[in-house]
Structures are given as C-alpha cells and as structure tokens.
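return a 3D structure for these sequence lines:
(chains A and B)
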Number of protein chains: 2
Amino acid sequence: MKSGPRAQDVAALAQVSQSAVSRAFTPGASVSEETRRKVLAAAQRLGYRPNAMARSLITRQSRIVALVMSYLENQFYPLVVQLLSQRLQKEGYHVLMFIAEMDEAADGVLADILQYQVDGIVLASAMLSPTLAHSCAEVGVPVVQFNRVSDLGGLARHATSSVSSDNAGGGRMVAEYLLAHGYRRPAFLAGLEDSSTSLERERGFTEALAESKREVISREAGHYSFDGAQAAVRRMFAGPDAPDAIFAANDHMAIAALDVLRQELGLRVPAQVAVIGFDDVPQAAWGAYRLTTVRQSVSSMVDATVGLLLEQMRGEIRARDVVVPCVLVERDTVHR
Amino acid sequence: MKSGPRAQDVAALAQVSQSAVSRAFTPGASVSEETRRKVLAAAQRLGYRPNAMARSLITRQSRIVALVMSYLENQFYPLVVQLLSQRLQKEGYHVLMFIAEMDEAADGVLADILQYQVDGIVLASAMLSPTLAHSCAEVGVPVVQFNRVSDLGGLARHATSSVSSDNAGGGRMVAEYLLAHGYRRPAFLAGLEDSSTSLERERGFTEALAESKREVISREAGHYSFDGAQAAVRRMFAGPDAPDAIFAANDHMAIAALDVLRQELGLRVPAQVAVIGFDDVPQAAWGAYRLTTVRQSVSSMVDATVGLLLEQMRGEIRARDVVVPCVLVERDTVHR
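Numbers count the residues shown, from 1 in each chain, chains lettered A, B, ... in the order given. From the prediction side, this is the model:
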C-alpha cells in the first residue's frame, strides 16, 4: 500500500478549508451537501484516505461495534445483522463480525475483539461468561446481550446490559391460546437446553398450563436445529401418548416439525395436531407454512440495543435489562 | 474509556517475555498454548487491550475487510456473511459490515469504508461503479465482487477481481433439463434487470432454447423480491398463453412462485406447471417446497474470494475473474 496524499492536498483541490475536509469525513458533523460532494470528488481524484485509525488513537473511539454471533441458520439472525448494521451505520458506527462456536461462551474471541479497540460489543446467540463480562467491565467496553440473558454479579453486572423479548410472557400466551382453542395434550419442543430463550419460554408455558391444572405431556429437545427438531418430533409420536399440539421454542424448529408431521406422519395440521412457533421469521408467513407464532419485534430489539450502546459509550447510564413485549400472530397452524 | 496497562505489565504478571505477549495477540504467530493461556489470563486480570490500531499504523494493516451488501432477504446472503466471516477469521481478518441501498452502486459508502483503512473490500449484491473501482485501485485496496460482475476498464480493472457462478451455464442446463423432460412453453422470471446474475442466467437459458428452435413464451420481472415475484407470476397466468414451466432467476422468487401457483391459482406442481430456481438455499430443501434448482457452491465461492483477497493484499497477483461451476439439483418441482 503506497502512502497517500494529505488532507491539505484535498482542501487545495476542492478549494475548501482543511476543517471542511475533516468535517466531510466525520459522521454526523455539520457540512453542506455541496461541500461534501466537492471534498469527496477531490479525495477520490487524489486517492486520499482519511485515517480513522489515527483519529481513534486521539479520540479513543474506533467507531466499531463487535457483533458476536454463532449461527445464522435460524432466519431470525440475518435480520438482526442487517437491522443492527443499518441502525449503527446511521450513528456513524459499523459492525465487525465475530463468529463463535454455536451458543458457547464467547471467551474464545475475546482477545481478538479487544485488539480492535471496539467501542462496544453485542453478543447474539452466544453466551456471556462472567470472566468475559468482567474483562469488558475493566476496560470500560459496554456489552449488550441480545436475545440472551446471563446471571452475572459484581463488576461484570455494571457493564453488561441485555435486550430480550418477554419470553416467559410469550410462552404463557401460547399456553392460554392453546387451552382456549380446546387443545389438551400439549408438547414442548425445546431449543438449546442452557439458553435463556428456551428456558424462559418453557417456564411461562408450563406455569400457565399448571394454573389450569394441565401439564406438558411430552417434551423433547431439538437444540434449535432443523434436523434436531425433526428427530424430536419423531420421538414425540413414537410412543402411545401423542400430543395434540406442539409449542416449538422457535419458528425454525416449528417449520421442521410441520414437514415431519405432514409428510412423514401424514397428519393434518391443525385438524389433528397444532403447531405454534416463536420469532415470526419471514418464512413463517410463506404460503406453504402459514405458521401461528409469537412475534419478537427485531426492530424494537435493535433500537433498544443501539440506544443502550450509545448511552453507555457516553457514560450516561448504568447497564440495564430491557424486555420487549411480544405478540401472538394468528395464522393457520392452530384451529381458531 | 480509561487508559489501560501496558504490555510489560502483562509480561511481568504472566512471567513471560514481552515478545511472548506480543505473539500471543498476533493472529498466526508462533506461541505455545500454555504461554498463550498465561498471557490471556494476565491480560484479562489487568484489563490489558493489545492495540491493533496502533499496530496498523506501523504495519499499514487494519486486518479489516469491508463487506458491502444491500439486502439479506434472499437466504443466499446470510450464508455468505457467515462463511466469509468464518474463513477470514481463520486468516486473522474480520468482516466490517456496510449496508448499501439495494443493488445500487456502493459509492455512497466509499468515504466511510476508506476511513477504516480496510485491507480489502468484498462487494456482494451491490454494484461496483467505475468511479469506486478507480478510487480503490488508486489507494491500493483490493476489491472482489461477489456474485456480480461489472464492465470496468483501465486502472480500475487492475484492482478488481470477481467471483461468480457459471450463471450462463446454469441457465443453459435449466433449458436442456426442461426440454428433455417434455416442457415446451417455458417462462423466465427475471431478477433485477441490470444485475449480471439475472442477465447471464437468462442469456444461457434463451440461447439453449434457441438452439432447439424454442423460445421463452412469457417473461416477467420479479426484481428478486418475494412480492415482486408473486405479482409477476399472476401476470404470467392472466393472459391466454400460460407457461408449462417457470425458470426463476433465484430460489427466493421460485418459492414465492410456488405459493401463488398452488394456493392462489390451484395448479399442481409439477403435473401442470414446473418450477425451477437458482442458488439452492437451505429453504429449497424444506419439505413443503422440495424445489428443483441450480446449486451455487457458496463455500467454493467464499474460498475463491478469500484466496483472491489474500493474494492481492500480498501484491502477488493481478486481479482476475473466477467462475465457479454449478450443478442441477433434482427435487420435486419438475417432472422426472
């Protein structure tokens, strides 16, 4: 890489001040569209690259937010990547991707993340260990857990926020909806056994059933994978006590379940068995599935995440946990 | 953000040399697992953050690759984000996300990208303008276009590689397959009219039909969107000349077409009309669709992209265009 021209060369060619050049390259800085256009044209002509890194050494801001993620198989996460990238981009930040092992602790990528002097970390579908949380707290990097909650104590607690849906409330809604529509032998198709999403959805579901003197008659884990969910559904129907309704801990597994029920087991949905999911991914609305589900508002969750990051970067607030309400979406996989 | 401890503090606590600390934080550097563990433990204890940015000013390497992308609605792109991030991470690089307007030129994010002193740029589902290509060539940043090809001349040509599937060959395969299975009234469901993917797939398709004295009897554009594809299919069947087979320029549109054909128009697939897509996204294999399609090997395409970037970063080769072969996947939406 050759060493490039300087800001004053750009200013001279564009016939603007050096400060205008600097402002043209600073996200959010005040500069007229015309000036910005002149500066960019001159910069492109000269091959000038404003040096965000040199600036970051002075301002201690990299304008980078690390996103740690373990798998995008679930269609919920591509939406998160896109919306989070778009929203942060508007604020002058960009998302740097770190891929962790599926739902394992993100500690493996920690050294790597800190090297980039990131201004914040978002953990989605990856676990936050107390060690990692503590390290981030010590160096003053705010962390937001997205769609996951961990038990943390002490210093770690101060630097770690979380954004999640009302998972228990959603699970409760599902139980009440199934009972109101006459289902009496509900099954729960669990996700990853140690994920807060699956645990909380199950807790709300079974608590609401218990209040009506009902219980889950079958419970199998699909580990949030397509194949895992299909195997779990086969197990549910192998015994004598087949369920009349399945609550899957996410849509990805609910869709997998529908394929097994209809195509392998020859069952009619919802006439013989109901299926209900969680997330409301775009595929849930596809004509071949028309899945009844609980909608998590990705957009509200992303807004909350960006808000928390910005507040914590400015040092204005302490970490906190935001719970976004969810809503049941009626489609065609539960009798109405 | 408070200023942190220095490398020598970490070395002292870990009882290793300062050079060992440096190596423990350098991707690919030689250091024993035990030393690395000691260094990381000490670094975490002290809150030490190795400063990749300060180093990038010396080495002129940021270890960041920009990924410019416009939409993830098509399930092909989440796979690209995940595989590209994973493969680059193994090489010590990370992906910084830039979201551009859908299939528009990526020039709008250029100033933004160059601020981060990126080591390379991958453009996926975003167009490369000659201006942008020229700017990148001037500053010596290699660019790889992923799944898109642009006509470029002069200097721009030297810094710009591309990786794509054999789109024309795939389109040709589809025509031959449909003719061999008795279909005589094929339609083409186009994507974005100025995207090289849709143009090349259509070219191969119509050329192979012409060689057998056949032609497309209906052509509508779905612009690579779900709703756009559904409207296009309705138009195809509104007139007197209904097709007996639809080749959709990608799977996302083929799935949208299947829903309209079966649920709105009450047609049986493949008995009354065949549908064939392009990509082989995971959803194409789902039981409710079982879509016959042309598989693009995302994994081979990502490998080629990373290979080109690394070669060009080392200044070893000139830019070039890599074309990855594709293969027809027989499922249940075309009569066999």
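
strands of the stretch 51-200 of chain A, residue ranges please.
Under the criterion DSSP state E, counting those that start in this stretch, strands of the stretch 51-200 of chain A are mapped to A:64-69, A:94-99, A:120-124, A:143-146, A:160-165, A:186-190.

pull the distance from the third one to the chain's centre.
Think strand A:120-124. How far strand A:120-124 lies from its chain's middle: 9 Å, per C-alpha atoms, centre = their mean, to the nearest Å.

other residues contacting that strand?
For strand A:120-124, contacts defined as C-beta atoms under 8 Å, 6 or more residues apart in numbering or on different chains pick out A:65-69, A:77, A:80, A:84, A:93, A:95, A:106, A:113, A:136, A:141-148, A:305, A:309, A:312-313. In this view, the C-beta of every residue, glycine as well, is placed from N, C-alpha and C.

ok, residues contacting stretch A:215-228?
With contacts defined as C-beta under 8 Å, 6+ apart, stretch A:215-228 is touched by A:73-74, A:103, A:185-193, A:195, A:198, A:205-206, A:209, A:229-233, A:235-236, A:239, A:241-243, A:248-250, A:252-253, A:255-256, B:282.

can we see that at 6 Å?
For stretch A:215-228, the surrounding residues in contact (C-beta atoms under 6 Å, 6 or more residues apart in numbering or on different chains) are A:185-193, A:206, A:209, A:229, A:232, A:235-236, A:241, A:243, A:253, A:256.

can I assume residue A:292 is in contact with residue A:276?
Yes - using C-beta atoms under 6 Å, residue A:292 is in contact with residue A:276, at 5.0 Å.

what touches both of these two?
Common contacts of residue A:292 and residue A:276, defined by C-beta under 6 Å, 6+ apart, comprise residue A:334.

higher neighbour count, the two?
Between residue A:292 and residue A:276, counting by other C-beta atoms under 10 Å in any protein chain shown, residue A:276 is the more crowded of the two (31 against 27).

got a list of what that one touches?
Listed by C-beta under 6 Å, 6+ apart, the contact partners of residue A:276 are A:174, A:247, A:292, A:334.

and it, what pLDDT?
Note on residue A:276: pLDDT of 98.

surely it is in a strand?
Yes - assessed with DSSP: H, G, I helix; E, B strand; the rest coil, residue A:276 lies in a strand.

ok, back up a step: contacting chain B as well, which ones from the contacts of strand A:120-124?
By C-beta under 6 Å from any C-beta of the partner chain, the members of the contacts of strand A:120-124 lying near chain B are residue A:95.

sorry, back to before: now the contacts of stretch A:215-228: which count as buried?
For the contacts of stretch A:215-228, a burial check counting by 16 or more other C-beta atoms under 10 Å in any protein chain shown picks out A:185-192, A:206, A:209, A:229, A:232, A:236, A:243, A:253, A:256.

can you list contacts of stretch A:30-37?
Under C-beta under 6 Å, 6+ apart, the answer for stretch A:30-37 is A:16, A:20, A:23-24.

show me what counts as buried in that stretch.
For stretch A:30-37, a neighbour-count test (16+ other C-beta under 10 Å) marks A:31, A:35-36 as buried.

would you convert those residues into JSON lines that also reports pLDDT and secondary structure?
Formatted as JSON lines, the buried residues of stretch A:30-37 follow (pLDDT from 0 to 100; DSSP: H, G, I helix; E, B strand; the rest coil):
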{"residue": "A:31", "pLDDT": "77", "secondary structure": "coil"}
{"residue": "A:35", "pLDDT": "83", "secondary structure": "helix"}
{"residue": "A:36", "pLDDT": "78", "secondary structure": "helix"}
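
and of the residues you listed, the nearest to chain B?
For these, the minimum distance to chain B (C-beta to the nearest C-beta) is 8.5 Å, reached by residue A:36.

quick one: closest of the strands of the stretch 51-200 of chain A to residue A:326.
strand A:160-165 (4.7 Å; C-beta to C-beta).

tell me the average confidence for that closest one?
When pLDDT is averaged along strand A:160-165, the result is 92.

with only the CA atoms kept, save it in CSV.
Output of strand A:160-165 as CSV, limited to C-alpha atoms (Å, rounded to 0.1, in the frame of the first residue of the first chain):
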residue,chain,number,x,y,z
THR,A,160,-23.5,-5.5,30.8
SER,A,161,-26.9,-4.8,29.5
SER,A,162,-29.4,-7.1,27.9
VAL,A,163,-32.2,-6.9,25.4
SER,A,164,-34.7,-9.7,25.2
SER,A,165,-38.3,-10.4,24.4
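
surely residue A:232 is in a strand?
No - going by three-state DSSP, the assignment for residue A:232 is helix, not a strand.
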